[in-house]
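please find the sequence and the predicted model below.
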There are 2 protein chains.
Amino acid sequence: MYELRQDPTTQEWVIISTERAKKPQDCVRNPAGVKTPAYSSSCPFCRGNEAMTPPNTICYDNEKTRSWQVRAFADKFPALVLGGDTLRRVDDGFFLAMDNVGFHEIIVETPEHNIPLALLNGDHVGYVLDAWRQRYNALSQIAHVKSIIIFKNHGPAAGTSLKHSHSQLITTPVVPRHIRIRYEIAIRHYDDTGRCLYSDLIDHELSVGKRVITDTKKFLVFHPFASHHPFETWILPKMRQASFGQLQTPELMHLAYILQETLLKIHRGLHNPDYNLVVDSAPVREDNRDQYRWQLRIIPRLSEISGFEIGSGVYLNSALPEETAQFMRDLKV
Amino acid sequence: MYELRQDPTTQEWVIISTERAKKPQDCVRNPAGVKTPAYSSSCPFCRGNEAMTPPNTICYDNEKTRSWQVRAFADKFPALVLGGDTLRRVDDGFFLAMDNVGFHEIIVETPEHNIPLALLNGDHVGYVLDAWRQRYNALSQIAHVKSIIIFKNHGPAAGTSLKHSHSQLITTPVVPRHIRIRYEIAIRHYDDTGRCLYSDLIDHELSVGKRVITDTKKFLVFHPFASHHPFETWILPKMRQASFGQLQTPELMHLAYILQETLLKIHRGLHNPDYNLVVDSAPVREDNRDQYRWQLRIIPRLSEISGFEIGSGVYLNSALPEETAQFMRDLKV
């Protein structure tokens, strides 16, 4: 099958080309698991090594075991700095530049060195999501914070050398073009139709059904029509919420269970692949509930992007989302 | 150093954050070379195995050795198909899709299994560039071809499992958004200033000098101000040429020597890293010479992109282009 498909949220075309592929089960990249110990003395994220990190901004304790479960703190080697200002300057009479003012925080998801997020229980994942939301809401109060990206890198192909399960949050002092374009497309759809693009997307995915993995009262888990990557998985809220910070506690706990189940399916079905998880929200202070929707995306890193993607920005996906969604739907965990 | 820098050609911000880096020499990823034989019986690109591929569209012979030097042919498992049409259709009442009509061609750069492009001589590289140009010009005559991407994947981190040195060419039946945005930015600059953005860029890089690697009468090799990746290298023509197909033969031979030298510096300085090479041109039939310029980019794949880049579209570069350019400039090959 050869098809160009347009992502309705970004209006980018994706090539679905299944002739060189790859059944869902052939996308597996890490068939053999490596044994990792429960504690590493050199790991700053392990229980007992808390002095190796900056002080906590958030900590969830377990009353029974008297140990923390999830904690957050500023990154020791941040990609951005506190201080500086948001004035743009012209470098060398031509180039636009500015201070990289912002926050970079780490959320350690478990005190155990060797437990991936997919194998924690739903309540525990709830602490992680609550830490994301709390830090999102605290940082979105700050004037120079224009967008907040929550993300997770699992495994070396996903860009991390750290084995200990953790996620990150970075704020940017400008709205990234990528997010601005997606936002503008949603606004235009709203102006044209009076409806939220993401709400329409959910309705259409549900009416078609074949790319749906899990459908609950509050969330839809599916493989999008124009998936950039094999097994790319989206979780969209059915509530009118433009930013992750707008999530209410009962919804957050519900999401924790759905996310854990989704990650477990990926863990089992694809044999613990490296993956990225990303939560994108509307630009800060532009989070109109009627027009936009936050998105949680999981991207298993099963293949490398090539020069074609770099040159064209068009992704070449060798798996059919309808087939991969069915594979995931049929998987019992 | 923490700085946000805007790429003037795409208006995307890039984070330059050198605190977690990495001197130029520490970016090396493949310190140990693996010995590859000069011939592999299973490799369809090796001399003697020509029957394993579709027929040649181009072939450059060596009169003396009576062997071919460079040859091109259609990909056996193309990402696109000949036939079909360019009508857009609405799938499931909501999603835009179309046939993926186009061409996907392979250029085998040498009959030897184990010689990378960087170690071929300048004349030989000239055959490769001539094949690119000939196929560019032939395919750009076809009505449904809207953009042509020439690219090369070197090594597994760059997205290829094939060791035998080769490049590729893919046509798309739509102008990718990525290329459209870059094109529109250049047109707006032209409308505002009466000058070509890329000509201005070359002038400013030359006047500053610190990111320049090689400057000749016809080409500029440099590390751009807002490099997305460590050691990202651009080659821009000084001639008014919007597409690679507009390159004249003496310029093409000149480029062959400059490209070979640049690749050799990367090969030696970074110990044969995996890399992608991309040639982007203006959209086909929109190649106004005054407004746009083709670009050749080399991206060593020294680190993985993470969830932050996926979520924000903002690249986090841990190396300073001024430092990496000096490292390359000082390297004698």
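All right, it came through fine. Being a predicted model, the structure only gives us computed values, none of them experimental.

show me what contacts residue A:333?
A:261, A:264, A:265, A:268 (CB atoms under 8 Å, 6 or more residues apart in numbering or on different chains). Every C-beta, even on glycine, is put in place using the N, C-alpha and C of the backbone.

what comes up buried for the helix or strand where the first one lies?
According to DSSP states H and E, residue A:261 maps onto helix A:249-269. Using 16 or more other CB atoms under 10 Å in any protein chain shown as the burial criterion, the residues of helix A:249-269 that qualify are A:251-267, A:269.

that one packs against which elements?
When contacts are defined as 3 or more CB pairs under 8 Å, 6 or more residues apart in numbering or on different chains; DSSP states H and E, helix A:249-269 sits against helix A:122-139, strand A:212-215, strand A:219-222, strand A:233-237, strand A:295-300, helix A:321-330.

bridging residues for the residue positioned nearest the centre of chain A?
Taking CA atoms, centre = their mean, the centroid of chain A lies closest to residue A:278, which sits 1.4 Å from it. Residue A:278 has the following beta-bridge partners by DSSP bridges: residue A:151, residue A:297.

so what's it up against?
Going by CB under 8 Å, 6+ apart, residue A:278 touches A:149, A:150, A:151, A:152, A:296, A:297, A:299, B:307, B:310, B:311.

coming back round to it: ok, so of the contacts of residue A:333, who is nearest residue B:75?
Using CB to CB, residue A:265 comes nearest to residue B:75 of those, at 33.8 Å.

what residues are up against the closest one?
Counted by CB under 8 Å, 6+ apart, residue A:265 has contacts A:213, A:328, A:331, A:333.

OK, contacts around the third one?
Residue A:331 sits next to A:265, A:268, A:269 when contact means CB under 8 Å, 6+ apart.

and for the first one?
Applying CB under 8 Å, 6+ apart, one finds that residue A:213 lies in contact with A:221, A:222, A:223, A:233, A:262, A:265, A:325, A:328, A:329.

cool, residue A:59 as well?
Under the criterion of CB under 8 Å, 6+ apart, the neighbours of residue A:59 are A:68, A:70, A:71, A:72.

on that earlier part again, with pLDDT added, can I get the contacts of residue A:331 in JSON lines?
What follows is the contacts of residue A:331, written out as JSON lines (pLDDT from 0 to 100):
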{"residue": "A:265", "pLDDT": "97"}
{"residue": "A:268", "pLDDT": "96"}
{"residue": "A:269", "pLDDT": "96"}
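
with those in mind, which one is nearest to chain B?
Nearest to chain B among the contacts of residue A:331 is residue A:265, at 19.2 Å by CB to the nearest CB.

wait, residue A:83 touches residue A:101, no?
Yes. Residue A:83 is in contact with residue A:101 according to CB atoms under 8 Å; the separation is 6.7 Å.

neighbour count: the two, which is higher?
Each of residue A:83 and residue A:101 has its neighbours counted (other CB atoms under 10 Å in any protein chain shown); residue A:101 has more, 20 against 7.

pretty sure that one contacts residue A:87?
No. Using CB under 8 Å, residue A:101 is not in contact with residue A:87; the gap is 10.1 Å.

picking up where we left off before, save the contacts of residue A:265 as TSV, and put in pLDDT and distance to residue B:170 too.
What follows is the contacts of residue A:265, written out as TSV (pLDDT from 0 to 100; distance: CB to CB, whole Å):
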residue	pLDDT	distance to residue B:170
A:213	98	31
A:328	97	30
A:331	95	34
A:333	87	38
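
residue A:113: which of those residues is nearest?
Of these, the one sitting nearest to residue A:113 (CB to CB) turns out to be residue A:333, at 23.5 Å.

leaving out sequence neighbours, find the closest residue to that closest one.
Nearest residue to residue A:333, sequence neighbours excluded (CB to CB, 6 or more residues apart in numbering or on different chains): residue A:264, at 4.7 Å.

check contacts around that neighbour.
Residue A:264 touches A:118, A:119, A:333, counting by CB under 8 Å, 6+ apart.

looking at these, spot the one nearest chain B.
residue A:118 (15.6 Å).

distance of that closest one from residue A:155?
12 Å (CB to CB, to the nearest Å).

residue A:9: how many residues sit nearby?
22.

so it sits against residue A:186, correct?
Yes. Here residue A:9 reaches residue A:186: they are 7.2 Å apart, a contact under CB under 8 Å.
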